[in-house]
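Participant: A structural model of the following input is requested.
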Amino acid sequence: MDSLTLQRNYQCDQCGKSFSDSDVYKRHLRIHTGEKPHQCDHCKRAFGRLSSYKRHLRVHTGEKPFQCEQCGDSFTWLSSYKDHQRSHTGEKPYQCDQCGNSFTRLSSYKDHQRVHTGEKPYQCDQCEKAFSRLSDYKRHQLNHTGEKPHQCEQCEKSFCLLGDYKRHLRIHTGEKPYQCEQCGNSFTLLSSYKDHQRVHTGEKPYRCEQCGKSFSSLSYYKRHLRVHTGEKPYHCEQCGKSFRLLNVYKIHLRVHTGEKPYCCELCGKSFSCPNYYKTHLRIHTGEKPFRCEQCGKSFRVSSEYKTHLRVHTGEKPYWCSRCKRLFAWAKSLKVHRCVAVEEESFD
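Facilitator: The predicted structure is shown next:
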């Protein structure tokens, strides 16, 4: 008898789909019945397929069978591994039709679409705040619970999310798994690596609609927007002063604490700000990086260089409120005022 004759045909009464294998047919029926015979003993989650159940177990066992040969990162899911590979190849198969931005992951592409649609499907039940991305929503939920289950054993810092905790560990291990093939620079975070790639490509995808300035990094773009909005989110509780940038705020706090972490090894002088420290080092090295193109004179400090340029430009930004006379330098204005006061005293 012909093998095709012996082959049985299993047809689904609900959707009309046909199957040649009885086991496949039975699994298919669970789509309609909702039956999930494979239950996880750890979290009681149930699955319709045995293969899905086995993959789920990796969440509890921590098994990550898919390892990247280039950077050593391991992944629980094959799909996550494939998405990661694109971080090395630079492939971005998902392109937005509206703005042209491309993405390595389908999920990132879908999240991006909501930037244009304004859709925010994930809403918090406690404060009604809405989010366009599920990851942002989950991170926000932990703000209400205060739960930070992942604690660093080295510095005791705690994290809401496992991913944030793992990235933090690289600070202590010094691991920098993302290396630029063009210049050899390595990075701790994938986001930093991607931002760096734009140094070579010249790409600046984040454009300010108010002034037209473009940025290679989303974080730089967001900080720039505060120039226009006037927002200063970092507020000093001791003196009430507010700051636009976090690093400037942290440096300011040292005014109150007296902390000066940057110490010169040559003379022992300490500084609260890294820029002041770098400028100070030039006293010892003799370096004068700011050179006037018109006369060739060089300067150690940027402010001295800018002041010097007025010799050539004729700019006089300081003026006397009494006689309206203009001056190129603040010290000249001060001398002028002192002379005027002395002359008045003799009158």
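Participant: what segments of this structure are helices?
Facilitator: All helices of the chain, identified by DSSP state H, fall at 3-6, 22-33, 50-61, 78-89, 106-117, 134-145, 162-173, 190-201, 218-229, 246-257, 274-285, 302-313, 330-346.
Participant: tell me, how many residues neighbour the nearest residue to residue 58 once chain neighbours are set aside?
Facilitator: Closest residue to residue 58 apart from its sequence neighbours, by CB to CB, 6 or more residues apart in numbering: residue 76 at 4.7 Å. Glycine gets a C-beta too; all of them are placed from N, C-alpha and C. By the criterion of other CB atoms under 10 Å, residue 76 has 17 neighbours.
Participant: my guess is residue 76 meets residue 67, correct?
Facilitator: No. Using CB atoms under 8 Å, residue 76 is not in contact with residue 67, being 11.2 Å away.
Participant: got the domain boundaries for the protein?
Facilitator: 3-61, 74-229, 234-285, 290-346 (automatic domain parsing).
Participant: any chance of these in JSON lines, plus mean pLDDT?
Facilitator: Below are those laid out as JSON lines (pLDDT from 0 to 100):
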{"stretch": "domain 3-61", "mean pLDDT": "81"}
{"stretch": "domain 74-229", "mean pLDDT": "88"}
{"stretch": "domain 234-285", "mean pLDDT": "93"}
{"stretch": "domain 290-346", "mean pLDDT": "87"}
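Participant: residues near residue 104, how many?
Facilitator: Residue 104: 20 surrounding residues under other CB under 10 Å.
Participant: got a list of what it touches?
Facilitator: Taking CB atoms under 8 Å, 6 or more residues apart in numbering, we find residue 104 in contact with 83, 86, 87, 91, 92, 93, 94.
Participant: please repeat the previous calculation with a cut-off of 7 Å.
Facilitator: Applying CB atoms under 7 Å, 6 or more residues apart in numbering to residue 104 gives the contacts 83, 86, 87, 91, 92.
Participant: so the last one makes contact with residue 100?
Facilitator: No. Counting by CB atoms under 7 Å, residue 92 does not reach residue 100; the two are 10.9 Å apart.
Participant: which one of the two has more residues nearby?
Facilitator: For residue 92 versus residue 100, neighbours defined as other CB under 10 Å are more numerous around residue 92 (14 against 8).
Participant: give the closest residue to the more buried one in space, chain neighbours not counted.
Facilitator: In this structure, residue 92 finds its nearest non-sequential neighbour in residue 102, 3.5 Å apart by CB to CB, 6+ apart.
Participant: do residue 228 as well
Facilitator: In this structure, residue 228 finds its nearest non-sequential neighbour in residue 210, 4.9 Å apart by CB to CB, 6+ apart.
Participant: neighbours of the one you found, how many?
Facilitator: Residue 210: 10 surrounding residues under other CB under 10 Å.
Participant: contact partners for residue 114?
Facilitator: Residue 114 makes contact with 120, 132, according to CB under 7 Å, 6+ apart.
Participant: got the contacts of residue 104 as TSV, with distance to residue 118 columns?
Facilitator: Shown next, in TSV, are those (distance: CB to CB, whole Å):
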residue	distance to residue 118
83	26
86	28
87	29
91	29
92	24
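Participant: quick check on residue 324: phi, psi?
Facilitator: Torsion angles at residue 324 (phi, psi; degrees, to the nearest 10) stand at phi 70, psi 10.
Participant: end-to-end on stretch 210-224?
Facilitator: This stretch, stretch 210-224, spans 11 Å end to end (CA to CA, to the nearest Å).
Participant: distance check, the spatially closest residue to residue 147 that is not a sequence neighbour against residue 133.
Facilitator: Using CB to CB, 6+ apart and skipping residues adjacent in sequence, the residue nearest residue 147 is residue 160, 6.8 Å away. According to CB to CB, to the nearest Å, residue 160 stands 15 Å off from residue 133.
Participant: same check on residue 244?
Facilitator: For residue 244, the distance to residue 133 equals 26 Å [CB to CB].
Participant: again with residue 231
Facilitator: 22 Å.
Participant: more neighbours, the two?
Facilitator: Each of residue 231 and residue 133 has its neighbours counted (other CB under 10 Å); residue 133 has more, 17 against 12.
Participant: isn't that one up against residue 111?
Facilitator: Yes. With contact defined as CB under 7 Å, residue 133 counts as touching residue 111 (4.8 Å).
Participant: what's residue 209 in contact with, if anything?
Facilitator: Residue 209 touches nothing, counting by CB under 7 Å, 6+ apart.
Participant: any idea how far residue 220 is from it?
Facilitator: According to CB to CB, residue 209 and residue 220 sit 16 Å apart.
Participant: go on, residue 214?
Facilitator: Per CB to CB, residue 214 is found 10 Å from residue 220.
Participant: now do residue 168
Facilitator: Distance of residue 168 to residue 220, given as CB to CB: 22 Å.
Participant: distance between the ends of stretch 154-165?
Facilitator: Stretch 154-165 stretches 12 Å from its first residue to its last (CA to CA).
Participant: quick one: buried residues of that stretch?
Facilitator: Buried positions in stretch 154-165, judged by neighbour count with 16 or more other CB atoms under 10 Å: 159, 160, 165.
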